[in-house]
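Participant: All I have is the shape, not the residue letters:
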């Protein structure tokens, strides 16, 4: 009785150990493929057009099934900028994309893993081109060169007017000065004449 009981316990323990070992071994085999990396990366900001988008999985995806692997790139205005043609090289899927619209782009992708299980995901990146184009310089003052254009009749008249006013003022001053001198001379002559005509009252 005791020997049979011990053999049953040993057999049960071995069965449990074998079952646990089988479970641990099946775990990795049942794990599905996943994303290893993307280009552009999630949240990345690009300053140049990469020309394509790539998705790299942990294992090569299933190929040969139409529509099994998809990468769609959507521009900020909502139109599709990817070609739709998928290239598979090992575990990497890629598609050409003309990324020339500044702003946030969205990438929707789907692939069929090696075990036939479909996997999919979404990522986004921002395209901000480095706008270093040539900017027209502001107009700078250009030194005057060459012969100046002759002034018109109006300008000549305006220039002549102050000169005429100055000449008139000078003439008026001379006339006043001459008048004062003449008056003084006349007064002196009258005084001399009057003095000579007075009788000599002393004799």
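Facilitator: Thanks, I have the structure now. The shown structure was predicted, so the numbers you read here are calculated from the model rather than taken from an experiment.
Participant: Strands of this protein, residue ranges please.
Facilitator: Under the criterion DSSP state E, strands of the chain are mapped to 35-39, 45-46, 52-57, 70-74, 87-89, 92-96, 103-112, 118-127.
Participant: Distance to residue 183 for those strands - can I get that in CSV?
Facilitator: The C-beta positions use only the backbone N, C-alpha and C, and glycine is treated the same way. Shown next, in CSV, are those (distance: least, Cβ to Cβ, whole Å):
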stretch, distance to residue 183
strand 35-39, 110
strand 45-46, 98
strand 52-57, 110
strand 70-74, 107
strand 87-89, 118
strand 92-96, 110
strand 103-112, 97
strand 118-127, 99
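Participant: Let me have these in a markdown table, adding mean pLDDT as columns.
Facilitator: Formatted as a markdown table, these follow (pLDDT from 0 to 100):
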| stretch | mean pLDDT |
| --- | --- |
| strand 35-39 | 94 |
| strand 45-46 | 96 |
| strand 52-57 | 95 |
| strand 70-74 | 96 |
| strand 87-89 | 94 |
| strand 92-96 | 96 |
| strand 103-112 | 96 |
| strand 118-127 | 95 |
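Participant: Can you check which of the ones you listed gets nearest to residue 180?
Facilitator: Judged by Cβ to Cβ, the one of the strands of the chain that comes nearest to residue 180 is strand 103-112, at 91.7 Å.
Participant: What residues does residue 49 make contact with?
Facilitator: The neighbourhood of residue 49, defined by Cβ atoms under 8 Å, 6 or more residues apart in numbering, consists of 98-100, 127, 129.
Participant: Generate a ChimeraX selection restricted to the buried entries among those residues.
Facilitator: To isolate the buried ones among the contacts of residue 49 in ChimeraX, judged by 16 or more other Cβ atoms under 10 Å, type:
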select :99,127
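Participant: Sort the contacts of residue 49 by pLDDT and name the bottom one.
Facilitator: Among these, residue 100 carries the lowest pLDDT, at 89.
Participant: I am finished for the moment; much appreciated.
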